[in-house]
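Asks: Sequence and predicted structure below; questions after.
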Amino acid sequence: MRLKSALALGLMVPVAGAVLLAAPVSAAKKEAAPSGPSIKPSPEAIKIYQDADKALKAKDAAGAKAKIDELQGVAKTPDDQYLVGQLLIGYGQANNDQNALRDGVNKSLDSGKLAPADAAKFNFFKGQFATQAKDYDGAIQAFTNAVNGGYNPGDTEVMLAEAYFSKATSGSNVANNQLTPQGKQIANDGLIHLKKAIEAKQAAGQPVDGSWYSRGFRMAALSGSPDQAYWSTSALKGGGQAENWRIALRSFQDSHRTMTRDENLDVLRLMAASGSLKESYSYGEYADAALKAGLFGEVKAVIEQGRSAGNLQPTQLADIYKVANDGIGADRASLPSAEASATKAANGKMAASTASAYLGYGDYAKAATLYRLALQKGGVSADEVNTRLGIALAKSGDTAGARAAFGAVTTPGARKDIAGFWTTWLDSKGAA
């Protein structure tokens, strides 16, 4: 039984702005330039606009700014406001002035003079500006308007999703490094839009960035989304980043706290295989489970793996390492005799335990042979033995054999889910 929660192990993903940023805001002038509505500004506004436009073309920043300010002072009608907005966009683009660009986009929208398609485009940029200012409610509204206007569905839905995620992981929506119930609901709203973004890309025959799946998976884990299975499978199959595996397997452990030691050991083996053992706690948990199973070689191997990766200091787990190291000589010497006894035994229990010892020492061929013998003789948990046969074959490079063994685990429950994770790991290796 496990007591430590994955959410207490650094699962919270800090958000720094729009991590799934699509088009840069600096493209607003070029990208957002409308075809030009039919407007009738006041005569006074027209004259000032013409003077400001001349100054912009002459690269007279100070002169242009003065005229834009003058125009803002006299602008009374929506048509006048539209001219102000366009000048601000031109000024902001020419002088790399993000504030001017933002104000120009907003004034152009507020004028109500933009055609629907142009309004959708401007709302996309308005949403980006709002995101940069951490005005997540404003960003959500702007991106929603852009989506409803049909602007660039895939990328805009991603930005809308990210605005929800940023809101969910900020302010009062976070407590004790976890999302509050309100934060979880906001994150789940974002996941709906992220899934729509993926579907839009797929419908257009365009590739989906793997980071979208990773982002969705991590937010689903944080929020306890009912769609966790979708996000988990998508993220792990799409390249299987080590951090994604850590989150998936820790979350699985958290939701299966009554797993047996043997079931948990096979989860920890997958954490090691996927590179997702990170903190000393994980290595200690693995080493302890292996030691209790009498697998001295596996205890030594996992501790040495942690030390080699820099995740364990030389002094960490020193006591358990010594126990395993001291016992390896006699243990290995006993294996040929145990193997001989296994072939004569009435059932497969001796074969299965001897196979696990060979598995711990990295002799995968011998382990596979004995696991098959255990299945042949019977008297063992076929699901457990098939899982471990699959592990041995997977580590030996026999992917087809491993898939068949994992597929033979059919009884619903934790053991079948574990075999499914191992199969997904095989899939991720093919995608990487």
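Replies: That came through fine.

Asks: Tell me the predicted confidence for the residue most central in space within the chain.
Replies: Most central in the chain under CA atoms, centre = their mean is residue 214, positioned 2.1 Å from the mean C-alpha point. Listed pLDDT for residue 214 reads 90.

Asks: before we move on, what about residue 229?
Replies: Residue 229 is assigned a pLDDT of 85 by the prediction.

Asks: so after the helix or strand that it is a member of, what's the next helix or strand?
Replies: Here residue 229 sits within helix 228-237, counting by DSSP states H and E. On the C-terminal side of helix 228-237, the nearest following helix or strand under DSSP H and E is helix 242-255.

Asks: which strands and helices sit next to that next one?
Replies: helix 210-223, helix 228-237, helix 261-273, helix 414-431 (3 or more CB pairs under 8 Å, 6 or more residues apart in numbering; DSSP states H and E). The way it works is simple: take the backbone N, C-alpha and C, and place the C-beta from them, glycine included.

Asks: The residue nearest to the centre of the chain: what's it in contact with?
Replies: Residues near residue 214 by CB atoms under 8 Å, 6 or more residues apart in numbering: 235, 238, 241, 243-244.

Asks: And residue 300, by the same measure?
Replies: Counting by CB under 8 Å, 6+ apart, residue 300 has contacts 321, 324-325, 328.

Asks: taking these one by one, which sit in helices?
Replies: Among the contacts of residue 300, the ones falling in helices (DSSP state H) are 321, 324-325, 328.

Asks: Show me just the buried residues among these.
Replies: Neighbour counting by 16 or more other CB atoms under 10 Å classes 321, 324 among these as buried.

Asks: Quick one, grab the pLDDT at the closest residue to residue 224 other than its chain neighbours.
Replies: The shortest distance from residue 224 to any non-neighbouring residue, by CB to CB, 6 or more residues apart in numbering, is to residue 184 (6.0 Å). Confidence at residue 184, expressed as pLDDT, is 96.

Asks: how near is residue 184 to residue 237?
Replies: The gap separating residue 184 from residue 237 is 25 Å, by CB to CB, to the nearest Å.

Asks: so where do the helices sit in the stretch 251-400 of the chain?
Replies: 261-273, 280-292, 296-308, 318-344, 349-360, 364-377, 382-396, 399-407 (DSSP state H, counting those that start in this stretch).

Asks: Same question for the stretch 1-150 of the chain.
Replies: Secondary structure of the stretch 1-150 of the chain (DSSP H, counting those that start in this stretch): helices located at 28-32, 43-57, 61-74, 78-95, 98-110, 116-132, 136-148.

Asks: Turn those helices into JSON lines, including distance to residue 382, mean pLDDT and mean neighbour count.
Replies: Shown next, in JSON lines, are the helices of the stretch 1-150 of the chain (distance: least, CB to CB, whole Å; pLDDT from 0 to 100; neighbours: other CB atoms under 10 Å):
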{"stretch": "helix 28-32", "distance to residue 382": "60", "mean pLDDT": "47", "mean neighbour count": "18"}
{"stretch": "helix 43-57", "distance to residue 382": "78", "mean pLDDT": "92", "mean neighbour count": "17"}
{"stretch": "helix 61-74", "distance to residue 382": "78", "mean pLDDT": "94", "mean neighbour count": "17"}
{"stretch": "helix 78-95", "distance to residue 382": "68", "mean pLDDT": "92", "mean neighbour count": "22"}
{"stretch": "helix 98-110", "distance to residue 382": "64", "mean pLDDT": "94", "mean neighbour count": "21"}
{"stretch": "helix 116-132", "distance to residue 382": "53", "mean pLDDT": "94", "mean neighbour count": "22"}
{"stretch": "helix 136-148", "distance to residue 382": "51", "mean pLDDT": "97", "mean neighbour count": "21"}
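
Asks: Output these as TSV; include the columns distance to residue 279.
Replies: What follows is the helices of the stretch 1-150 of the chain, written out as TSV (distance: least, CB to CB, whole Å):
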stretch	distance to residue 279
helix 28-32	44
helix 43-57	57
helix 61-74	54
helix 78-95	47
helix 98-110	40
helix 116-132	33
helix 136-148	32
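
Asks: and residue 381, which of the ones you listed is closest to it?
Replies: With CB to CB as the criterion, residue 381 lies closest to helix 136-148 of these, at 50.4 Å.

Asks: Which elements pack onto the next helix or strand after that closest one?
Replies: Remark: after helix 136-148, the chain's next helix or strand is helix 153-168, criterion DSSP H and E. For helix 153-168, the elements it packs on are helix 116-132, helix 136-148, helix 181-203, helix 210-223, judged by 3+ CB pairs under 8 Å, 6+ apart.

Asks: Hey, what's the angle from the longest one to helix 153-168? Just curious.
Replies: Computed by axes from the mean of the first three to the mean of the last three CA atoms, to 10 degrees, the angle separating helix 181-203 from helix 153-168 equals 170 degrees.

Asks: and the angle for helix 181-203 with helix 210-223?
Replies: Angle, helix 181-203 to helix 210-223, by the same axes, to 10 degrees: 160 degrees.

Asks: tell me what helix 181-203 is packed against?
Replies: Using 3+ CB pairs under 8 Å, 6+ apart: helix 181-203 touches helix 153-168, helix 210-223.
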